[in-house]
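Participant: just coords:
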Ligand code: ADP
């Protein structure tokens, strides 16, 4: 197992640890995967040792019968059919029963081992996915993530559940057979020499090419998943624009690339397998020859010749299995690189958590420029908000208002310039630290399938079932005026909501999102037109809930309705990626600029 893995490593990443960025999210370096596997080894080494020991005992029992058969042959030749033969035959039965027994317990132990490690890796992956910064997911596309949660977890499960135990048992069996053969006569091992050369050369050839082939294959499938997801999600748009043929062609290209990548790895296997077949049949014939010569020369008895041939036959299956699983191990290894890569995506540069200079709640943008792709959307924004200040951001659609909000929330780092919240640069913070400072609330909040308590506890590391925690959940609901209807739900906090459960109207969903903000308790809140999709009555109701959330926080509200702007301490007018006007409502109206004309237009006086 180790040997194969070494080869995979040697072939996978020559030299220094590095990560490559394929379809989107990063892929961990091979040394990083090794480090993770060594940790699993340290944590579960004892159980793994028990597994290997049990398999070793099972293999020993399996090898007892060829050995005893040899002894029977020699006994018959020496003494004829004596009573010892019956004892030896009974021993064969005992060894077979023991073999079955040990196999049973070793399979059970290895399943326990595999499932434990797999569960840990899965949980780590889920945690990493949940911590992913929004900007990273937006850039990488969800298809890559879907492919990783689907195909890669699948490959890894197969590797951990099947490949690793089969490798362990086959390797142990092979070692025992080799030792037993050497004990019979060391010269018998020469029968293996040609096979070792064939195996070494062909497997090396394969291992040099396979890891990159598999990385490409999995990336091609990620790209395909992404393409299909995009097509399904945007089906109406595609139809409306009459782009069906083009979209089909694009997806066919993706299928073509996935097909080519799969064909390449298939070709590698086609070249690799035939020499393998030769390599494990040849030793049987050669052992026969070598043992025969040793019999003629004298050192081996007829029984020992038989034992040697039986033993060499016993190597075929484990050897075949080891080499079969090499493939699966490489796939699993590649998948693990992709799964661990998700954690790398969140590893932003992490700076000090303590505020340095700035007051808690202060927001400061210095010369902030940003573009999603090539074109710049924000062209140098300077802005300072005092703690507790409420800023409304208004301006024409597409001017960059939401983008500005996302930069304050740290969803995207600025291309140049700096965004500081409470004195700390947002791009210098890990996502977890960032979320403690700024929370962004958008027009539509998602309701997860689960209980109300679970939906609220998302904001915290609460299990959501302790009494004290529940008290906090109720307080948060009360703060946004949602405790009334929440108490009237059939099971209170334990009512299951989300698709297929108790339906909640959009205003209530938004209230729950606001309650999450109360729980997360950030210094700064970015509201991206949080009430714009509501009908006016719900919106007014929600704004009252909002009041409970806003107090004591610095607020950047991207305003759709001008009356929210009217209530703000200051208003920033964003036009074409720049702040064109900044000041209080009366001041800006008096100035007679863009805001004044927007205001007059809104009042029907313009
Ligand atoms: P506003 O909120 O003022 O309507 P946005 O900040 O949403 O404006 O958008 C500003 C510009 O950035 C627009 O030209 C928009 O097309 C572009 N844009 C917004 N989001 C993305 C994105 N995720 N990827 C690429 N371009 C984007």
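Facilitator: Cool, the structure landed. It should be emphasised that the depicted structure is a prediction, and the values quoted were computed from it without experimental measurement.

Participant: what about the one residue in the stretch 151-300 of the chain that gets nearest to the ligand, neighbour count?
Facilitator: Closest residue of the stretch 151-300 of the chain to the ligand, Cβ to the nearest ligand atom: residue 230 (13.5 Å). C-beta coordinates here come from the backbone N, C-alpha and C atoms, glycine included. Using other Cβ atoms under 10 Å, residue 230 is surrounded by 17 other residues.

Participant: Quick one: mean pLDDT for stretch 81-92?
Facilitator: For stretch 81-92, mean pLDDT is 85.

Participant: likewise stretch 557-570?
Facilitator: The average pLDDT within stretch 557-570 is 79.

Participant: Distance from that stretch to the middle of the chain?
Facilitator: Stretch 557-570 has its C-alpha centroid displaced from the chain centroid by 40 Å (Cα atoms, centre = their mean, to the nearest Å).

Participant: And the contacts of it?
Facilitator: For stretch 557-570, the external contacting residues (Cβ atoms under 8 Å, 6 or more residues apart in numbering) are 389-394, 401-402, 404-405, 526-532, 539, 543, 555, 571, 582-585, 598-599, 602.

Participant: ok, residue 338 touching residue 218?
Facilitator: Yes - the pair residue 338 and residue 218 passes the contact test of Cβ atoms under 8 Å, sitting 6.3 Å apart.

Participant: Got the confidence number for the residue of the stretch 151-300 of the chain closest to the ligand?
Facilitator: Looking at residue 230, its pLDDT stands at 83.

Participant: give me every residue that touches it.
Facilitator: Contacts for residue 230 (Cβ under 8 Å, 6+ apart) come out as 141, 143.

Participant: Quick check: residue 402 vs residue 376, distance?
Facilitator: The gap separating residue 402 from residue 376 is 15 Å, by Cβ to Cβ, to the nearest Å.

Participant: per-residue pLDDT, residue 74?
Facilitator: For residue 74, the pLDDT comes out at 86.

Participant: hmm, I was thinking of residue 455
Facilitator: Listed pLDDT for residue 455 reads 81.

Participant: which other residues reach the host helix or strand of it?
Facilitator: Counting by DSSP states H and E, the element that carries residue 455 is helix 452-457. For helix 452-457, contacts defined as Cβ under 8 Å, 6+ apart pick out 447-448, 463-465, 469-470, 473, 476-477, 486, 489, 492-495, 497-498, 512, 515-516, 519.

Participant: Buried among these? Make that a PyMOL selection.
Facilitator: Remark: buried members of the contacts of helix 452-457, expressed as a PyMOL selection using 16 or more other Cβ atoms under 10 Å:
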select buried, resi 447+464+469+470+473+476+477+486+489+493+495+497+498+512+515+516+519
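
Participant: In the stretch 151-300 of the chain, mark out all the helices, start to finish.
Facilitator: 153-158, 164-184, 193-233, 235-240, 244-297 (DSSP state H, counting those that start in this stretch).

Participant: in the stretch 251-400 of the chain, what residue is nearest the ligand?
Facilitator: Closest residue of the stretch 251-400 of the chain to the ligand, Cβ to the nearest ligand atom: residue 372 (3.2 Å).

Participant: Go ahead and report the secondary structure state at that residue.
Facilitator: With DSSP: H, G, I helix; E, B strand; the rest coil as the basis, residue 372 sits in coil.

Participant: what's the burial count for it?
Facilitator: A total of 14 residues lie near residue 372 under the criterion other Cβ under 10 Å.

Participant: Next, it: phi, psi?
Facilitator: Here is the backbone geometry of residue 372 (degrees, to the nearest 10): phi -70, psi -50.

Participant: Report pLDDT for it.
Facilitator: Model confidence at residue 372, given as pLDDT, is 82.

Participant: which neighbours do residue 338 and residue 218 share?
Facilitator: Residues touching both residue 338 and residue 218 (Cβ under 8 Å, 6+ apart): residue 152.

Participant: related to what we said a few turns ago, residue 402 and residue 376: which is more packed in?
Facilitator: When residue 402 and residue 376 are compared for neighbours, residue 402 comes out ahead with 21 against 15, by other Cβ under 10 Å.

Participant: mind checking which helix or strand that one is in?
Facilitator: Using DSSP H and E, the element containing residue 402 is helix 401-408.

Participant: ok and the helix or strand that that helix is followed by relative to helix 401-408, angle-wise?
Facilitator: Next helix or strand after helix 401-408 toward the C-terminus (DSSP H and E): strand 416-421. Relative orientation of strand 416-421 versus helix 401-408 (axes from the mean of the first three to the mean of the last three Cα atoms, to 10 degrees): 70 degrees.

Participant: can you list the residues that contact strand 416-421?
Facilitator: Here strand 416-421 makes contact (Cβ under 8 Å, 6+ apart) with 358, 362-369, 380-381, 407-408, 410, 413, 425-427, 437-438, 523-524.

Participant: Next step: the residues you listed restricted to strands.
Facilitator: 363, 364, 365, 366, 367, 368, 369, 380, 381, 425, 438, 524 (DSSP state E).

Participant: Now cross-check the residues you listed against the ligand and list the overlap.
Facilitator: Filtering the ones in strands among the contacts of strand 416-421 for proximity to the ligand by Cβ under 6 Å from any ligand atom leaves nothing.

Participant: What's the ChimeraX syntax to select whichever of these are buried?
Facilitator: A single ChimeraX command selects the buried members of the ones in strands among the contacts of strand 416-421 (16+ other Cβ under 10 Å):
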select :363,364,365,366,368,369,380,381,425,438,524
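
Participant: now stretch 541-559, how far from the centre of its chain.
Facilitator: Chain-centre distance of stretch 541-559: 35 Å, with Cα atoms, centre = their mean.

Participant: Revised request: answer the last question for stretch 517-525.
Facilitator: Put simply, stretch 517-525 sits 28 Å off its chain's centre (Cα atoms, centre = their mean).

Participant: likewise stretch 382-397?
Facilitator: Averaging C-alpha coordinates over stretch 382-397 and over its chain gives two centres that are 37 Å apart (Cα atoms, centre = their mean).

Participant: same deal with stretch 158-166?
Facilitator: 19 Å.

Participant: List, one by one, the residues from the stretch 401-550 of the chain near the ligand.
Facilitator: Contact residues (Cβ under 6 Å from any ligand atom) of the stretch 401-550 of the chain with the ligand: 401, 402, 403.

Participant: Find the nearest non-adjacent residue to the second one, please.
Facilitator: Leaving out its chain neighbours, the residue that sits closest to residue 402 by Cβ to Cβ, 6 or more residues apart in numbering is residue 528, at 5.5 Å.

Participant: Give the helix, strand or coil label for whichever residue of the stretch 101-250 of the chain sits closest to the ligand.
Facilitator: Using Cβ to the nearest ligand atom, residue 138 is the residue of the stretch 101-250 of the chain that sits closest to the ligand, at 5.7 Å. Under three-state DSSP, residue 138 falls in the helix class.

Participant: now swap in the one 5 residues further on and tell me
Facilitator: Classification of residue 143 by three-state DSSP places it in helix.

Participant: show me the contacts for the nearest residue to it once chain neighbours are set aside.
Facilitator: Of all residues not flanking residue 143 in the chain, residue 226 sits nearest, at 2.4 Å (Cβ to Cβ, 6+ apart). Shown in contact with residue 226 (Cβ under 8 Å, 6+ apart): 23, 24, 141, 142, 143, 144, 146, 147.

Participant: Pull up the gap between the fourth one and residue 220, please.
Facilitator: Pointing back at residue 142 there. Using Cβ to Cβ, residue 142 is found at 17 Å from residue 220.

Participant: Tally up the residues packed near residue 206, please.
Facilitator: Residue 206 has 24 neighbours, counted by other Cβ under 10 Å.

Participant: Tell me who's in contact with the closest residue to it other than its chain neighbours.
Facilitator: Closest residue in space to residue 206, ignoring its immediate chain neighbours: residue 272 at 4.2 Å, by Cβ to Cβ, 6+ apart. Residues near residue 272 by Cβ under 8 Å, 6+ apart: 202, 203, 205, 206.
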